[in-house]
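> Here is the input, now give the coordinates:
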Amino acid sequence: MTGAGTQGSPPAEDLEDLYENAPCGYLSLQPDGRIVKVNRTLSAWIGIPVDQLLGKRLHDLLNMPGRIFYETHFAPLLRMQGFFNEVALDLVTSDGRKLPVLANAMERRAEDGALLFTRVTMFQAAERRRYERELVDARAAADAASAMVKSQLELEQETAELREQFIAILGHDLRNPLASIAAAARMLRKEEQTDRATKILDLMQGSVIRMSGLIDNVLDFARGQLGGGITLKRQVEDLEPILRQVIDELRSSHPDRAIEVSIEFDGPINCDSGRIGQLVSNLLGNALTHGTPDEPVRFSAATDEQRLELWIANGGAPISSDAMTGLFQPFFKGEAGTSQRGLGLGLHIASEIARAHGGTIMVSSDDEETRFTFVMPLD
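Residues are numbered from 1 along each chain as shown. Predicted structure coming up:
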């Protein structure tokens, strides 16, 4: 007779079954970003067989906003710190439905530091998203009910406060950490670094410059939408140093591109040099993004007794007449099917800066070149 204490050991856990049928999705990515392993759970969630998922990129499983987030946040964050936690993404199922998930990822590296693969875990988040939306809706309903009993003066005061808070958050909570990252990168560059560390510092520098431009554009767009408009601090000053600085920053983030520069000023100019530098940064960045890589981008700035004129030209396919009509509209993304980075605010902000200076931006585009010309009267 078997005793009470010898009725048998509990069954051993099947690790393969635990992976394949876990209550969460698992996938592993090769160093080139392609899926090398995925479990049945994730395959069932999105309705795509495992063998059809192998070789795809995670980017291919996301909706358009998710792809943008992947390129601007997911991939750079992994390269810089090797992991991330609780990133909200939306997968696209085989029948076109959106599947909200929360993703965690961690790189696995060899002893010599070489990347072996990246492990990604996904949890369904539909209920969590629904709960969050309900909270937002409830807050909005409460705010609307409260607004009905306020006087017009109180509403205007509240709007002004919200505007200032929003601008303060963008200006302080985003700029200060970015400045710290830039300062840390500069300090590290003064020390001896490995080739890999140097490449990471180059990536950080390019990201800081790009993020600074995005913050400037979003901040200015927010001011314009909330009633503040583009603000200027005009004074008579030498404009050339700020233009040289902007050009050098873009050269550092596009080391493989040639920029030809010609600047001929008669003397100091009455303008907001920082804003003019922002205008040039947006136009020059646009030319570097869309111009033919093997042709130089040309920049010219000059003054006479009556006006300042600067232009930026690049080679490449001409802008279509349809695209030309919306070129300076906010969130304009250009030709359908083209791959563009950014929020579509750069040209809009540039045109607003030009208008605030009493000037204009004109565009010409043909098979030989695309040229943006800014003209501003001199007081």
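> Spatially nearest residue to Glu368 (excluding sequence neighbours)?
Taking Cβ to Cβ, 6 or more residues apart in numbering, and ignoring the residues beside it in sequence, Glu368 has Gly315 as its nearest neighbour in space, at 7.4 Å. In short, each C-beta sits where N, CA and C put it, glycine included.
> how close does Arg97 get to Ala301?
For Arg97, the distance to Ala301 equals 52 Å [Cβ to Cβ, to the nearest Å].
> meant to ask about Leu283
Leu283 sits at a distance of 11 Å from Ala301 (criterion: Cβ to Cβ).
> in this structure, what spans have low per-residue confidence?
Under the criterion pLDDT under 70, the flagged ranges of the chain are 1-9, 145-156, 158-177, 179-180, 206, 209-210, 213-214, 216-229, 330-344.
> now stretch 369-379, how far from the chain's geometric center?
Counting by Cα atoms, centre = their mean, to the nearest Å, stretch 369-379 is centred 28 Å from the centre of its parent chain.
> Run through who's touching that stretch.
In this structure, residues lying in contact with stretch 369-379 by Cβ atoms under 8 Å, 6 or more residues apart in numbering are 269-271, 279, 283, 286-287, 290-291, 303, 305-316, 318-319, 350, 354, 357-365.
> got it, and stretch 351-364?
Identification of contacts with stretch 351-364 by Cβ under 8 Å, 6+ apart yields 220, 224, 229-232, 271-272, 275-276, 278-279, 283, 308, 319, 324, 327-328, 350, 370-377.
> Which among these count as buried?
Among those, the ones that count as buried by 16 or more other Cβ atoms under 10 Å are 220, 230, 271-272, 275-276, 278-279, 283, 308, 319, 327-328, 350, 370-376.
> So which of the residues you listed belong to helices?
Of the buried ones among the contacts of stretch 351-364, the ones assigned to helices by DSSP state H are 220, 275-276, 278-279, 283, 350.
> hmm, which two among those residues are most spread apart?
Within those, Asp220 and Leu283 form the most distant pair, 14.7 Å apart (Cβ to Cβ).
> Quick check: Ala12 is in a helix.
No: if the criterion is DSSP: H, G, I helix; E, B strand; the rest coil, then Ala12 is coil and not within a helix.
> What separation is there between it and Pro23?
Using Cβ to Cβ, we find Ala12 at a distance of 20 Å from Pro23.
> and stretch 237-244, how far out from the chain's middle?
Using Cα atoms, centre = their mean, we find the averaged C-alpha position of stretch 237-244 to lie 28 Å away from the chain's own average C-alpha position.
> What lies in contact with that stretch?
Taking Cβ under 8 Å, 6+ apart as the rule, stretch 237-244 contacts 261, 263, 265, 268-269, 271, 273-274, 276-277, 280, 301, 308.
> ok, so of those, who is nearest Leu62?
When the contacts of stretch 237-244 are compared for distance to Leu62 (Cβ to Cβ), Val280 comes out closest, at 34.4 Å.
> and the closest one, how many neighbours?
Applying other Cβ atoms under 10 Å, we find 23 other residues in the vicinity of Val280.
> Equivalent analysis for Glu71, please.
Counted with other Cβ under 10 Å, residues neighbouring Glu71 total 13.
> Going by residue numbers, what spans are helices in this structure?
According to DSSP H, the helices that the chain contains are 15-20, 40-46, 50-53, 64-69, 75-81, 126-148, 152-168, 175-189, 195-225, 240-253, 273-290, 321-325, 346-356.
> Please identify which of the ones you listed is closest to Leu29.
Leu29 lies closest, by Cβ to Cβ, to one member of the helices of the chain: helix 75-81, at 9.4 Å.
> for the closest one, packing partners?
With contacts taken as 3 or more Cβ pairs under 8 Å, 6 or more residues apart in numbering; DSSP states H and E, helix 75-81 sits against helix 195-225.
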